[in-house]
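Visitor: Pasting the sequence and the predicted coordinates here, then a few questions.
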Amino acid sequence: RPPHFVVVAIDFGTTYSGYAFSFVQQPDAVHLMRKWTGGDPGVSNQKTPTIVLLRPSGEFHSFGFEARDFYHDLDANEAKKWIFLDRFKMTLHSDQVHVLCLTQLESANGRFVPALQVFSHALRFFKDHALQELTDELGTNMKITDVRWVVTVPAIWRPQAKQFMRQAAYQARRHLLYAGLASESFPEQLVIALEPEAASIFCRKVRYSQLSSTSSDDMTVEDSLTVGSQYMVVDCGGGTVDVTIHEVLGGGGLKEVEAASGDVMGSVAVDQQFENLLRKIFGAKFVENFQRKRPIGWVDLMIAWESRKRSTCPDRVSPLNVALPFSFIDLHRKVRGFTVETALRNFSDQNIKWSPQGMVRISSAMMRDLFTPTLEAIAAHVSSHMNDRISHLFLVGGFAESRMLQKAIRFSVAEHVRVIIPSDASLTILKGAVLFGLDPTAVRMRTSHMTYGVGILNKYITSIHPATKKLIRGSSIWCKDVFDAYVRGGDAVALGDVVQRSYAPVRPDQSEIVINFYSSPRRDVRFIDEENVAKCATLRIQLPKTTSVMSRRELRISMMFGDTEIKIDCLDVSTGSRVDARADFFS
């Protein structure tokens, strides 16, 4: 394969996304993408909203600020025909979604679109933008093979979700004549980066003088971390919060101390508290009706709320005004028969009032209360994973720029560790993802989230195996459904570590071997049909035709669990040649 000479990283966020790049020959220079026109107050416009707009026909129209602004300017009746999708990344984290390849996303007008198609549109948008920017900068046409692509995902995502993103990247093309970010035949061109790992790699390069205007210390954080030092990365984005603990190894590498943890408690959880407040005041049925009948108005309302949310701070005493769109005020009067002012008065809470300027006036105390459940959940999770060896805590991600969150984290752990919040915390993962693309071996040891293995037959032993598992075949007595673990949850797995198993086809002319792959959060799994054990993938091994008359054909499978994705390789022992083998978590 031709060597790449530039790395482009795409930070695909729940609320905002962006890309950055670096040339292989200049690894210390990370270039952020061109600033976007438009933008919101208080938001870095080196990212753009994660919004996809499709035409009524289902064809791609635009992404980001352009999509949002175009949709906003549509006639109200015309807008109902267009397909507006935002915050769709959260779908991949849902435990309710079992078959991601069949997942449909619901748009603002109630229409459903295949999730894979939407994610592919978004990745193709960034691919095209990045290639155009590089072409303009270099004065020569960039080829897709000139680039190593990096796409970020939360560390707590399942293998199914990671493979979904890879598949979306493969399909991120305009039509068959144009390539995606990578392909099945050249998967190495795409690297999946875990968001807190990317942040960790970047934060170590930060100088203390960059963290405070009063500091003259030019030493980097990395310089102050000796071998054996541990630090925590708390990645607080729009959707999820990831907590990872890294230990510094000899030679500068990193070891994941425990499996990354977290949950859906990003800034969107605060938005949900605001939406719940609206439902209490104006009625859940009306709010749902407004979202469905006036989707543009709902977008306007959430933009206004986002600005006020970012203005909330611990020591503020004055109220904040949130503008209600005219469409909200008008529909409320028509549907409920009385004004929003009356609804607020009937709510009888002095912390929220109606302003004659057409705004909801929320006290600073109530604004802080809207943050409280989310902040308490994050602080409790962080505290539960703290240990005496952790010396630093890096707070990163878009939500990390909230002064409310900063105070909550400092209050919960500051006695034990030094809390570091990089400037432009929302861009930390993006910059770190570029560095990870330049050196994907930076994290040398990870911890397996789950126990993985296959079902096999073992010799039946009466004193060990239950009678329900007895299987008689000819003169042999077997125990069925035995779980053969490849790796157990909590195991430390080094980059490059290989777990091998040998299998043989039943018939000499067999063209494919299919093996079911199982996972469990438990370590002590005995059988594949136990509680909390589920099929998570299918291993497919393609067998080339052979003229050999050997009675037994051995195939040696190698599984690698130490990378950001589970990888598989297969060797035909009789011929010494590699065999096409894939782990299908996707479908």
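Guide: Sure thing, it's come through. Numbering: from 1, shown residues only.

Visitor: Please tell me how far the residue lying farthest from the centre of the chain sits from residue 428.
Guide: Distance to the chain centre peaks in the chain at residue 475, reaching 51.7 Å (criterion: C-alpha atoms, centre = their mean). Separation of residue 475 from residue 428 (C-beta to C-beta, to the nearest Å) stands at 64 Å. Any C-beta I mention is one placed from the backbone N, CA and C, and that applies to glycine too.

Visitor: which residues touch residue 129?
Guide: 19, 33 (C-beta atoms under 8 Å, 6 or more residues apart in numbering).

Visitor: on that earlier part again, may I have the phi/psi pair for the residue farthest from the centre of the chain?
Guide: Taking degrees, to the nearest 10, you get phi -100, psi 0 for the backbone angles of residue 475.

Visitor: swap in residue 153?
Guide: phi -140, psi 160.

Visitor: ok, how many other residues are close to it?
Guide: Around residue 153 there are 23 other residues, counting by other C-beta atoms under 10 Å.

Visitor: what does residue 342 give?
Guide: 14.

Visitor: nearest spatial neighbour of residue 556, skipping sequence neighbours?
Guide: residue 571 (4.6 Å; C-beta to C-beta, 6 or more residues apart in numbering).

Visitor: same for the helix or strand hosting that neighbour, what does it pack against?
Guide: Using DSSP states H and E, residue 571 maps to strand 567-572. For strand 567-572, the packing partners by 3 or more C-beta pairs under 8 Å, 6 or more residues apart in numbering; DSSP states H and E come out as strand 555-560, strand 577-578, strand 581-584.

Visitor: cutoff 6 Å now
Guide: The elements that strand 567-572 packs onto, with contact taken as 3 or more C-beta pairs under 6 Å, 6 or more residues apart in numbering; DSSP states H and E, are strand 555-560, strand 581-584.

Visitor: ok, it: who's next to it in the sheet?
Guide: As defined by DSSP bridges, the strand partners of strand 567-572 come to strand 555-560 (antiparallel), strand 577-578 (antiparallel).

Visitor: residues of stretch 278-296 that come out buried?
Guide: Across stretch 278-296, burial judged by 16 or more other C-beta atoms under 10 Å covers 278, 281, 282, 286, 287, 289, 290, 291, 294, 295, 296.

Visitor: Grab the CA positions of the helix or strand hosting residue 271 and hand them over as CSV.
Guide: Counting by DSSP H and E, the element that carries residue 271 is helix 267-282. Output of helix 267-282 as CSV, limited to C-alpha atoms (Å, rounded to 0.1, in the frame of the first residue of the first chain):
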residue,chain,number,x,y,z
SER,A,267,-24.4,18.1,28.6
VAL,A,268,-27.5,16.7,26.8
ALA,A,269,-28.6,15.4,30.2
VAL,A,270,-28.8,19.0,31.4
ASP,A,271,-30.9,19.8,28.2
GLN,A,272,-33.2,17.0,29.2
GLN,A,273,-33.7,18.7,32.6
PHE,A,274,-34.7,21.9,30.9
GLU,A,275,-37.1,20.0,28.6
ASN,A,276,-38.6,18.3,31.7
LEU,A,277,-39.1,21.8,33.2
LEU,A,278,-41.0,22.9,30.1
ARG,A,279,-43.2,19.8,30.3
LYS,A,280,-44.1,20.6,33.9
ILE,A,281,-45.0,24.2,33.1
PHE,A,282,-46.7,23.9,29.7
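
Visitor: residue ranges of the strands in the stretch 401-550 of the chain, please?
Guide: 418-420, 443-447, 451-459, 470-473, 476-487, 492-494, 499-503, 512-520, 534-542 (DSSP state E, counting those that start in this stretch).

Visitor: which of the ones you listed is buried the deepest?
Guide: strand 443-447 (a mean of 21; mean count of other C-beta atoms under 10 Å).

Visitor: Identify the residues contacting the helix or strand of the chain with the lowest mean pLDDT?
Guide: Lowest by mean pLDDT, DSSP states H and E among the helices and strands of the chain is helix 221-224, with a mean of 78. Contacts to helix 221-224, defined as C-beta atoms under 6 Å, 6 or more residues apart in numbering, come from residues 204, 206.

Visitor: again, 10 Å this time
Guide: The set of residues external to helix 221-224 that reach it, using C-beta atoms under 10 Å, 6 or more residues apart in numbering, is 201-208, 210-211, 217, 229, 231, 248, 252, 391-392, 394, 418, 420, 422.

Visitor: mind listing which of the residues you listed are in helices?
Guide: Counting by DSSP state H, the contacts of helix 221-224 place 201, 202, 203 in helices.

Visitor: what ranges do the helices span in the stretch 301-450 of the chain?
Guide: Ranges of helices in the stretch 301-450 of the chain, per DSSP state H, counting those that start in this stretch, are 326-336, 340-347, 364-384, 403-413, 428-438.

Visitor: starting at the chain centroid, how far to the longest one?
Guide: Chain-centre distance of helix 364-384: 22 Å, with C-alpha atoms, centre = their mean, to the nearest Å.

Visitor: Just say helix, strand or coil for residue 137.
Guide: What DSSP: H, G, I helix; E, B strand; the rest coil gives for residue 137 is helix.

Visitor: For it, give me its contacts.
Guide: 21, 23, 31, 34.

Visitor: just residue 485 next, same as before
Guide: Applying C-beta under 10 Å, 6+ apart, the residues near residue 485 are 451, 452, 453, 454, 491, 499, 518, 520, 523, 524, 525, 526.
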